[in-house]
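# Sequence plus the predicted model coming up.
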Amino acid sequence: MMTVKLAVILVVLVFERRGPTGTRSLAPVSSLVSGVEVMAKVCEVCGKTPVVGRQVSHAHNVSARRFEPNLQVVRAMVNGGVRRLRVCTRCLRSNKVVKAA
């Protein structure tokens with residue numbers, strides 16, 4: 001019971017970082033607590049999340065849209081074991097993830 005409370009407390013403590021557009025995003029949850037469900041559409045390595053923006057047509061009709069990260073499910077080596085991670089393609093390109101053979 002104590003470990004569950006500790007995990008809940010760690011998940012509640014959300015670390016913020018500023019993205020390239022100045023928007024706030026969450027730190028990667030997998031770096032805080034292992035074995036906890038991670039949110040959809042969030043990179044488990046860098047914490048990149050969807051960003052909201054506007055779509056502007058040729059007639060200047062404006063509507064809301066979302067810029068979502070290009071996430072791929074990858075089998076990766078984590079702490080000596082193999083795990084499936086949702087990783088953005090930028091992290092894959094920059095070799096922040098060691099893919100399992």
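Everything's here; your move.
# What ranges does this structure have for its helices?
Assigned by DSSP state H, the chain shows helices spanning 2-12, 89-93.
# For these, which has the smallest mean pLDDT value?
Among the helices of the chain, helix 2-12 has the lowest mean pLDDT, at a mean of 42.
# Go through stretch 67-76 and flag the buried ones.
For stretch 67-76, burial by neighbour count (16 or more other CB atoms under 10 Å) applies to 69, 71, 74, 76. The C-beta positions use only the backbone N, C-alpha and C, and glycine is treated the same way.
# what's the span of that stretch, first residue to last?
Start-to-end span of stretch 67-76 (CA to CA, to the nearest Å) is 26 Å.
# what do you get for stretch 74-89?
End residues of stretch 74-89 are separated by 10 Å (CA to CA).
# now do stretch 90-101
OK, stretch 90-101 end separation, CA to CA: 20 Å.
# Could you give the number of residues near residue 78?
For residue 78, the neighbour count with other CB atoms under 10 Å is 16.
# What residue, apart from its backbone neighbours, is nearest it spatially?
Counting by CB to CB, 6 or more residues apart in numbering, residue 85 is the residue found nearest to residue 78 once chain neighbours are left out, at 7.3 Å.
# Over to residue 52?
Nearest to residue 52 is residue 66, by CB to CB, 6+ apart, at 5.7 Å.
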